[in-house]
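> Okay, here's the prediction I keep looking at, along with the sequence it came from:
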Amino acid sequence: MNADKNACALGTDSQYVELAVEVFAMLADATRVRIVLALREGEMAVGALADVVGKSPAAVSQHLAKMRLARMVSTRQDGTRVMYRLENEHARQLVADAIFQAEHALGGEPAHHRVANHTAQRSAS
């Protein structure tokens with residue numbers, strides 16, 4: 001019985017709670033959230049990311065270095081360029097959920113509910 005409780009990473013006594021807090025701290029920066037949003041569709045070079053997020057390549061490189069150490073992004077060499085991509089789908093989902101939660105904070109029906117409702121209505125017809 002005790003082994004089953006320890007196997008659940010979502011328990012209140014999980015060994016991962018402190019690491020999860022570090023993940024939230026890593027994403028507690030608007031530029032890093034924008035980088036995750038930009039990388040949702042696939043890999044990008046620093047210069048392209050800098051253009052998308054509206055920051056200098058040097059600033060984006062510093063953020064990417066921290067995100068790489070946190071294993072949120074990984075790299076691939078493409079000739080002389082370094083291409084960045086999300087390490088897995090979890091950072092993308094965390095950011096999406098945070099954006100959706102932010103939409104709820106504004107009151108009314110959030111945009112993500114309107115899209116879901118519209119899709120459900122189209123499927124029903």
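Happy to help now that I have it.

> and the nearest residue to Glu87 once chain neighbours are set aside, how many neighbours?
Excluding its sequence neighbours, the residue lying closest to Glu87 (CB to CB, 6 or more residues apart in numbering) is Ser74, at 4.9 Å. Quick note: C-beta positions are derived from backbone N, CA and C, even for glycine. Number of residues near Ser74 (other CB atoms under 10 Å) recorded here: 14.

> wait, Ser74 sits on Tyr84?
Yes. When contacts are counted by CB atoms under 8 Å, Ser74 is listed as touching Tyr84 (7.5 Å).

> coming back round to it: specify the local secondary structure of the residue nearest to Glu87.
Of the three states, Ser74 takes strand according to DSSP: H, G, I helix; E, B strand; the rest coil.

> List the contacts of it.
With CB atoms under 8 Å, 6 or more residues apart in numbering as the criterion, the residues that contact Ser74 are Arg68, Tyr84, Arg85, Leu86, Glu87.
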